[in-house]
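>>> Sequence first, then the predicted structure:
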Amino acid sequence: MASSSSTAVILCRQPILPLRSSNSFFYTGCCSPGTTPFIRKPLFRNHGGGRKLNHSFKHSSSSSSSSSVKLEIKCGVTEINESQFSEVVLKSDRPVLVEFIASWCGPCRLIAPAIESIAQEYEDKLLVVKIDHDSNPKLIEEYKVYGLPALIVFKDGKEIPESRREGAITKAKLKDYIDALLKSVSIA
């Protein structure tokens, strides 16, 4: 029985969500609309003690060989911090949608799938990044972010006038918002 180890990188279109089965959790992998998740992997192993995070899984093929694969998950929206803001946002050659979020913010979690979808759909026209509210107080103060989630679009190192939006938004309204802003910056 041959054994090998490798690393798989999974690019996501939607956030990976834990599902609960009778007594264990599974990751549901990201997938294209209309398809089934491409990976289901146990999240926790319970060996009599507490729960342990399962970082790898075994895959057995019909030829009786098995391999262990470690997963590294990357999604469409990149999280940046204060030190990266100038380089990533202000010096970008295309418009940048900045989403200010917090882990404790319910509306932030609510719009996360729509933001991920927009990042994938507009990847050639728009860069989408998120900034954690609690970890980046200087940016919060500089851009006067009072409500979460807050969306601000930047172009050529400056905030686009009237691009600021706070609170949850549906995917359809988010698309309208992005389309109007992209149209206004392409005309200007």
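Good, I have the coordinates. Residues are numbered from 1 along each chain as shown.
>>> secondary structure class for residue 153?
Taken by DSSP: H, G, I helix; E, B strand; the rest coil, the conformation at residue 153 corresponds to strand.
>>> Surely it is in contact with residue 160?
Yes - counting by C-beta atoms under 8 Å, residue 153 touches residue 160, with 4.7 Å between them. C-beta here means a position set from N, CA and C on the backbone, and glycine is covered the same way.
>>> Between these two, tell me which one has more neighbours.
residue 153 (23 against 18; other C-beta atoms under 10 Å).
>>> can you list residues touching both of residue 153 and residue 160?
95, 181 (C-beta atoms under 8 Å, 6 or more residues apart in numbering).
>>> tell me which residues of stretch 171-184 are tucked away?
In terms of neighbour count (16 or more other C-beta atoms under 10 Å), stretch 171-184 has its buried residues at 174, 175, 177, 178, 181, 182.
>>> I believe the fifth one is in a helix; please confirm or correct that.
Spelled out, it's residue 181. Yes - remark: residue 181 belongs to a helix, assigned using three-state DSSP.
>>> any idea how far it is from residue 155?
Here residue 181 is placed at a distance of 9 Å from residue 155 (C-beta to C-beta, to the nearest Å).
>>> The third one too?
Computed as C-beta to C-beta, the residue 177 to residue 155 distance reads 15 Å.
>>> Show me the domain layout of this protein.
Domain segmentation of the chain under automatic domain parsing yields 3-75, 78-187.
>>> residue boundaries of the helices in the protein?
All helices of the chain, identified by DSSP state H, fall at 82-85, 106-121, 137-142, 171-187.
>>> export those to JSON lines and tack on mean pLDDT?
Formatted as JSON lines, the helices of the chain follow (pLDDT from 0 to 100):
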{"stretch": "helix 82-85", "mean pLDDT": "96"}
{"stretch": "helix 106-121", "mean pLDDT": "96"}
{"stretch": "helix 137-142", "mean pLDDT": "96"}
{"stretch": "helix 171-187", "mean pLDDT": "91"}
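>>> Select, out of those, the one closest to residue 148.
For residue 148, the closest of the helices of the chain is helix 106-121, at 5.7 Å, according to C-beta to C-beta.
>>> Could you check the angle the closest one makes with helix 171-187?
If you take axes from the mean of the first three to the mean of the last three C-alpha atoms, to 10 degrees, helix 106-121 sits at 50 degrees to helix 171-187.
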